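Enquirer: here is my input, please return the structure:
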Amino acid sequence: MIVPMKKATVYALSDDKTLLLTTLQRHSIIMIIGDGETTGTDINRQRNDTSFSKALEALAFAGEFTQKTPMLEKKPLMDFDWLISQNESDDRIVKQLLEIKNDIIAAESRVQELNALNNLLSPWLELDLPLNGIIDTRYAKVAVGYISDKADLFKQKIENLDGVAEIFGAGSSGTAVIIIYHRSMENEIMEAAQNSGFIESELPKSEMSAAELFDRNTAEINECERTITDMKTEAARLAEEDIKALQRLRDKEATDLARDNVRYDATEKVFYVTGWIRSDHEDRLRKLIEQVTEYFFLEINAPADDETPPTVTKNNKFITQFETITDSFSRPGARDVLDPNPVMGLWYWLFFGMMMGDAGYGLVMLIFIGGYKLLSKSKVKLINVLFYSSFTTIFWGIMFGSYFGMSSNEISWLPSPALLSPLDNIMISMGICLGIGALHMFCGMIMKAVIDFRHGRPWDGIFDQISWIILIIGLPMFFIESLRIAGIIMVVFGAAVILFTAGRSNPKVLGKITGGLLGLYGVTSYLSDILSYARILALMLSGGIVAMVMNILGGMVMPGPGAGIAGIIIGGIFGVAIYIVGHVFNLALALLSAYVHDSRLQYLEFFGKFYDGGGYAFTPLSPDIKYVELEDGVGAG
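Expert: Numbering: from 1, shown residues only. Reported below is the predicted structural model:
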């Protein structure tokens, strides 16, 4: 069901603000609306924002040196008072790690700088002069640079102009060259050099030669790399010791920041916040405020017509898990008459098992997903959907007599199909799938009729929904001799109602007539919708056939009666491997296909008949936690 929402405004003394917001956050009862012009004090907010950023940075840095948390590892259980407490040792850990990180960054930057300089120096290592000694004189000029190729030809061209060209080593920029020439020949020589691909450059200014500077840089690079290694070792040690503390600190800082970012309005002595609450939490909110202060005023109103409150759905534990399917499409609107989840969840559960259709696969799902849930204490709704669907998979597998793609036709000790074997009775199976699909579609149409009735439009529900249900039910009865008369009556009655009412909203007579004819033409759309449920049979058959193929392939390499010891071992290993890999692949593919196509049937064929959605989630002020679990009752809206 959809829980009605109320808009609450809490007025209290400014001195009680911190404690009151902390209490509201502890119990996750109100979703603050960001209309206020003020947030927490600038000092606190900036401190928490900076602290949170540093905690995240330190945690990410520590994560580079530690293994990922195992999926099945339980999160530590903490209470809310611990979550909002301060711990100076946590700040010390962050400071140490960030200092190491900054030192590593500085050292790595220095290594890059020195490597770049050595890359520049490497072609000049044969130059046995101090680098700052390469300068112009009164009568001569010196040009330093690089050429791409043909060094001998370049040297000859410069010497032909009475210049000197010294060729050195090759580097990333080309072959190193020094040109020495008389000042009077500058224009001719430089023009000839540039035409030959000479690119002038500069060397570092140093009293050392290129080789000496290169060696000094190399020694400094080695020292920096040793320092980086030592710092990373220290960072790894701290990360190993303190990664859990950093994770908990992240949750602390995030929770403080969420509280400090609450927007509110205030006067000199009073502050107030406005937000959405569940209508069944009015008394609870009042009692929580009374625990903090006796000086307050609580104003609660229904949403105005132009306001859109968030949506909260309240269902039993089973149906709640299937809300994730609806939310992936669109959350119900807060003013919607019906919550689609109770009906949709049951149909999704039923269809998923039909599409899987194998008791062996259902048993594997039950064992592995159930084991994962037990060990990890996972609260992920989709995991629970798959776990619950293992039961319908087992049920339909028994109905169809399918066990890892095998049936009683192949192995006598397996139970016979309780209903039928889809592979042996394809047309009957198709009829069952289409019939169940029609019932699914009728549920959507009935829900639309209920919505019309509740909105005071009973004739819309009768003319636009009930009449179609009568017509569609009558169509197959028309082809059954014993039910033909009843089928004719139902088809004629349903068609007449549609013909005379489908154009009722059109003010013109011609429009009413054409509207009725066009409405009756909609039967083709309903029939195509029913045919969409043939995908249930397609998935049943594809999963069974692939499983059967894997069994055949595995059986082909399994050792026969006369096989020797080597044949038994090798054949057994390959046969078992084919069985396991093949069935794991088929199970994974079947799970993905069932999830996608089951969702499609709900979204298009079911929701398409009555559901718009458009709501958004109720996200109350809560502890922002990722790495810890809070004790029961804390953070539960």
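
Enquirer: dump the residue contacts of the residue nearest in space to the middle of the chain.
Expert: Note on the chain: the residue nearest the mean C-alpha position is Ser328, at 11.5 Å, using Cα atoms, centre = their mean. Contact partners of Ser328, counting by Cβ atoms under 8 Å, 6 or more residues apart in numbering, are Ser599. Backbone N, C-alpha and C define where each C-beta goes, glycine included.

Enquirer: the helix or strand of the chain with the lowest mean pLDDT: what's the following helix or strand?
Expert: Each helix and strand of the chain was given a mean pLDDT (mean pLDDT, DSSP states H and E); the minimum falls on helix 509-521 at a mean of 71. On the C-terminal side of helix 509-521, the closest following helix or strand by DSSP states H and E is helix 523-531.

Enquirer: that following helix packs against which elements?
Expert: With contacts taken as 3 or more Cβ pairs under 8 Å, 6 or more residues apart in numbering; DSSP states H and E, helix 523-531 sits against helix 426-454, helix 467-477.

Enquirer: list the buried residues in the first one.
Expert: Within helix 426-454, the residues that qualify as buried are 429-430, 432-434, 436-438, 440-449, 451-452, counting by 16 or more other Cβ atoms under 10 Å.

Enquirer: same for whatever helix or strand His583 lives in, what does it pack against?
Expert: When secondary structure is defined using DSSP H and E, the element that contains His583 is helix 565-600. Helix 565-600 makes packing contacts with helix 323-329, helix 341-356, helix 359-376, helix 534-557 when contacts are defined by 3+ Cβ pairs under 8 Å, 6+ apart.

Enquirer: picking that back up, now the helices and strands packed on helix 523-531 as TSV including mean pLDDT and distance to Gln291?
Expert: Compiled in TSV, the helices and strands packed on helix 523-531 are given as follows (pLDDT from 0 to 100; distance: least, Cβ to Cβ, whole Å):
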stretch	mean pLDDT	distance to Gln291
helix 426-454	93	39
helix 467-477	90	54
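
Enquirer: quick check: which of those is nearest to Glu268?
Expert: Put simply, out of these the one that sits nearest Glu268 is helix 426-454, at 48.8 Å, with distance taken as Cβ to Cβ.

Enquirer: buried set for the helix or strand following that closest one?
Expert: Stepping forward along the backbone from helix 426-454, the first helix or strand reached (DSSP H and E) is helix 458-461. Residues Asp460, Gly461 are the ones in helix 458-461 that count as buried (16+ other Cβ under 10 Å).

Enquirer: and helix 458-461, what does it pack onto?
Expert: Packing contacts for helix 458-461, counted by 3+ Cβ pairs under 8 Å, 6+ apart, involve helix 426-454.

Enquirer: what angle separates the helix it packs on from helix 534-557?
Expert: 140 degrees (axes from the mean of the first three to the mean of the last three Cα atoms, to 10 degrees).

Enquirer: average pLDDT across the longest helix belonging to the chain?
Expert: Assignment by DSSP state H gives helix 210-260 as the longest helix of the chain. Across helix 210-260, the average pLDDT comes to 91.

Enquirer: same check on stretch 617-635?
Expert: Predicted confidence along stretch 617-635 averages 81 (mean pLDDT).

Enquirer: from here on, call the first residue 610.
Expert: From this message on, residue numbering opens at 610, which makes the last subject stretch 1226-1244.

Enquirer: contacts for it?
Expert: Contacting residues not belonging to stretch 1226-1244 are listed as 614, 630, 633-641, 683-689, 692, 853, 856-857, 859-860, 863-864, 866-868, 871, 884-885, 887, 919-921, 936, 940, 1246 [Cβ under 8 Å, 6+ apart].

Enquirer: next step: those restricted to strands.
Expert: By the criterion of DSSP state E, membership of those in strands covers Met614, Met640, Ile641, Leu686, Met687, Gly884, Trp885, Arg887, Val921.

Enquirer: okay, now the unreliable bits of this structure?
Expert: Using pLDDT under 70 as the threshold, the predicted model of the chain has low-confidence ranges 644-658, 678-682, 1017-1019, 1117-1122, 1169-1173, 1175-1176, 1241-1246.

Enquirer: give me that answer again for 50
Expert: Regions of the chain meeting the criterion pLDDT under 50 cover residues 650-652, 1242, 1244-1246.

Enquirer: tell me how it divides into domains.
Expert: Dividing the chain into domains by automatic domain parsing, as the record does, gives the ranges 744-811, 926-1218.

Enquirer: deepest-packed of the ones you listed, please.
Expert: Mean neighbour counts were taken over the domains of the chain using mean count of other Cβ atoms under 10 Å, and the top value, a mean of 17, falls to domain 926-1218.

Enquirer: any idea how far apart the tips of that one sit?
Expert: Domain 926-1218 stretches 26 Å from its first residue to its last (Cα to Cα, to the nearest Å).

Enquirer: kindly report the same for stretch 1083-1094.
Expert: One end of stretch 1083-1094 sits 9 Å from the other (Cα to Cα).

Enquirer: same thing with stretch 870-879?
Expert: With Cα to Cα as the measure, stretch 870-879 spans 18 Å from end to end.

Enquirer: chain center to it, what's the gap?
Expert: Using Cα atoms, centre = their mean, to the nearest Å, we find the averaged C-alpha position of stretch 870-879 to lie 36 Å away from the chain's own average C-alpha position.

Enquirer: swap in stretch 1199-1207?
Expert: Between the mean C-alpha point of stretch 1199-1207 and the mean C-alpha point of its chain there is a distance of 18 Å (Cα atoms, centre = their mean).

Enquirer: what's the answer for stretch 882-900, then?
Expert: Between the centre of stretch 882-900 and the centre of its host chain there is 33 Å, according to Cα atoms, centre = their mean.

Enquirer: that older thread, and the domains of the chain: which comes nearest Leu668?
Expert: domain 926-1218 (21.6 Å).
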